[in-house]
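# Next comes the sequence, and after it the predicted model I'd like to discuss.
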Amino acid sequence: MTAAVAGRLRPADLGRVASVGLRTRKLRAGLSALGIAIGVASIVAVLGLSSSSQAGLLAEIDRLGTNQLTVTNGQDLLGKTAELPKAAPRMISRIGPVTTVEDTGTTKANAYRSPHIPSINTNAISVQAASLGLPATIGTSLAHGRYLNAATANEPVAVLGAAAASRLGIGRIYPGERIWVGGQWFYVIGILNPATLAPEIDASVLVGFPAAEQGEQHRLAEELHADVGLGGAERAA
């Protein structure tokens, strides 16, 4: 009795056996190949879109800048709003890594298109005093006109944020364009583009610090005059 010897397929025979399914079921093989191709193409497209979106987002972040910090008022031990000292911007600018410092200050004034607008219709527009280099620091620019300078910061002159200009119905700057701010006319000389890093500026009317201080003194003088007049009327009555 002799033992059987296990046979082996030659490479050519192995290739023919392996391709039986492909040769006998050509439609199924073609559809399988098409499905694999579509799947691979879809994965490549999705990964490409993701990489493109990521690159666009990183480019926008680089353009806007990621090193901006905003210092705002906190609260004291009694829960009241604390006030930053006037020397705060100069103190912050002396910190080593800080490159530029610009500041804004809130006012109690409101801005209207004309003095005939009811005082209650503020359109959520705030009036802020602003330093002269603010646009570059917050990553925005002028859409129309020009920004405040050392001369106009002392005068009743204003620059509008993008949202404030829209709410006031001012799309462009024309000679003599003016708005009613804090009981007096302020001439509009510029409109800012949207400030992505400082959205609160969009809904603001920006004036110079000296002009804001003069306007505040004017408002206080008017209130004092009204109080004196009211007292005289009461005494006369």
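Noted; the coordinates are in hand.
# what's the pLDDT at the residue nearest the centre of the chain?
In the chain, the centroid-proximal residue (CA atoms, centre = their mean) is residue 196; its distance is 1.6 Å. pLDDT recorded at residue 196 is 82.
# And residue 61, by the same measure?
Looking at residue 61, its pLDDT is 65.
# just the one 10 residues further on next, same as before
On pLDDT, residue 71 comes in at 76.
# for this structure, which spans come out with low pLDDT?
Low-confidence segments of the chain (pLDDT under 70): 1-7, 9, 13, 17-18, 20-22, 60-66, 216-237.
# So what are the structural domains in it, by residue number?
Taking automatic domain parsing as the reference, the chain has its domains at 21-63, 102-236.
# which residue ranges form the strands in the chain?
For the chain, the strands defined by DSSP state E occupy 104-106, 111-112, 126-130, 142-145, 157-160, 178-181, 184-192, 204-207.
# Residues contacting the shortest one, please?
Right, strand 111-112. Residues from elsewhere that reach strand 111-112 (CB atoms under 8 Å, 6 or more residues apart in numbering): 119, 121-122, 125, 127, 158, 164, 168, 179-181, 186, 205. All C-beta spots, glycine's among them, are computed from the backbone N, C-alpha and C.
# The first one too?
Around strand 104-106, the neighbours that count as contacts under CB under 8 Å, 6+ apart are 126, 128, 129, 130, 131, 134, 201, 204, 206, 209, 212.
# Kindly indicate which of the residues you listed lies nearest residue 12.
residue 201 (78.1 Å; CB to CB).
# burial measure for the closest one, as a count.
Residues within reach of residue 201, counting by other CB atoms under 10 Å, total 24.
# Once you drop chain neighbours, what's closest to it?
residue 195 (4.5 Å; CB to CB, 6 or more residues apart in numbering).
# In this structure that neighbour contacts residue 137, no?
No: counting by CB atoms under 8 Å, residue 195 stays clear of residue 137, with 10.1 Å between them.
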